[in-house]
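Q: sequence first, predicted model second:
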Amino acid sequence: MHRLFRVLVSVCVLGLSATAARADDSTRIAFDSFTPKSLFDLARERRAQWVPTPVWGDLSLPAGFAGPVPAIVLAHGSDGVGPGLQQWVQAFNGIGVATFIVDSFAPRGVSSTAADQTSVPAAANVMDAFQALRLLSADPRIDARRIGIMGFSRGGTVALQTAQLPFLRAVVKTGQAFALHIATYAGCSQIYTSPNVTRAPLLNLVGAADDYTHPEPCEALAAEYATLGTPVETHRYADAHHAWDSLLPVRYRADATSGYACGVIRTDIPTWVVTSERTGQVIPTDQLTAFINACMTRGAHVGRNEAAFQASREDATRFVRRVFFGQ
């Protein structure tokens, strides 16, 4: 585990303030974000609905780094920041890439959203990711042209949503975008799409035995991104349940909520028309919560699959090497 240090170094850029610290092995950085009430409020820049929220992240730089280095923003899942993320810190630091673990829950007084995904708006995680991108882009230790994002479960959904230009342009006004996206056992049953994506390379990692988010919806969404010009690579790992990189063995989570049984619910970002892909029904936005609650299920298996973790680590580091270093 990394030791956490804090010293007072103020960074201000385009209204984004941060308190940062240099450390031997890690840095905790506090930075300004917002909590939009919904993705609609984010996309439509309804800034009166963006509640200012200070959050933080942990920056780990590769040993002996020289000059600006690429970085990966790590977006956690429904159980918040856990020790398993250090496996990915070590994997990326080991190939010369910095990591920045963003904590979207603890600063908002929440430890987990597994039992109630609405306890933190999904838009908050997306906002935090974009604010982290802005923060790192202004850090002289980081190469602003090579900042990617990797997310897990709920964070995997963020890794996909941050490739949507309407979301990006609502928050980031200075031309930055994530240079790559890695979605890991993401949730893709409720999707927000447009014809306009960044076209940054996408790596989609899914588990064949995932009975929480299930592999098929994200495979279909990744294929859709490919039709829009995104270089896409998908890997499905045999016998892998949700959270195959967890440090805990496979177990049944009775509290886990899933919208998979509802079928894919698509929101078209430009028009904000919400459609059930299973039935073709247009769902009025004021009826969406009731629609999802009527078909939501509870209970799923989560836990480690060592073979899947080793394979996904190799696939992810190879992908990052290719995109960031041309290897």
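A: Now that the structure is in, tell me what you want to look at.

Q: distance of Leu136 relative to Leu168?
A: If you measure Leu136 against Leu168 using Cβ to Cβ, to the nearest Å, the figure is 15 Å. Using the backbone N, CA and C atoms, a C-beta is placed for each residue, glycine as well.

Q: the more surrounded of these two?
A: Comparing Leu136 with Leu168 by other Cβ atoms under 10 Å, the one with more neighbours is Leu136, at 25 against 22.

Q: what about the more buried one, distance to Arg313?
A: Per Cβ to Cβ, Leu136 is found 22 Å from Arg313.

Q: low-scoring stretches of the stretch 51-200 of the chain, by residue?
A: Residues of the stretch 51-200 of the chain that meet the criterion pLDDT under 70 are absent altogether.

Q: helices along that one, start to end?
A: In the stretch 51-200 of the chain, the helices defined using DSSP state H, counting those that start in this stretch lie at 85-93, 122-137, 154-161, 165-171.

Q: tell me what the shortest one is packed against?
A: Read it as helix 165-171. On a contact count with 3 or more Cβ pairs under 8 Å, 6 or more residues apart in numbering; DSSP states H and E, helix 165-171 meets helix 39-43, helix 122-137.

Q: figure out which of these is closest to Thr271.
A: Closest to Thr271 of the helices and strands packed on helix 165-171 is helix 39-43 (Cβ to Cβ; 11.2 Å).

Q: which neighbouring elements make contact with that closest one?
A: Helix 39-43 is packed against helix 122-137, helix 165-171, with contacts defined by 3+ Cβ pairs under 8 Å, 6+ apart.

Q: give me the residues contacting the last one.
A: In this structure, residues lying in contact with helix 165-171 by Cβ atoms under 8 Å, 6 or more residues apart in numbering are 39, 42-45, 126-127, 130-131, 134, 161-162, 177, 192, 194, 196-198, 269-270.

Q: in it, what counts as buried?
A: For helix 165-171, a neighbour-count test (16 or more other Cβ atoms under 10 Å) marks 166-168, 170-171 as buried.
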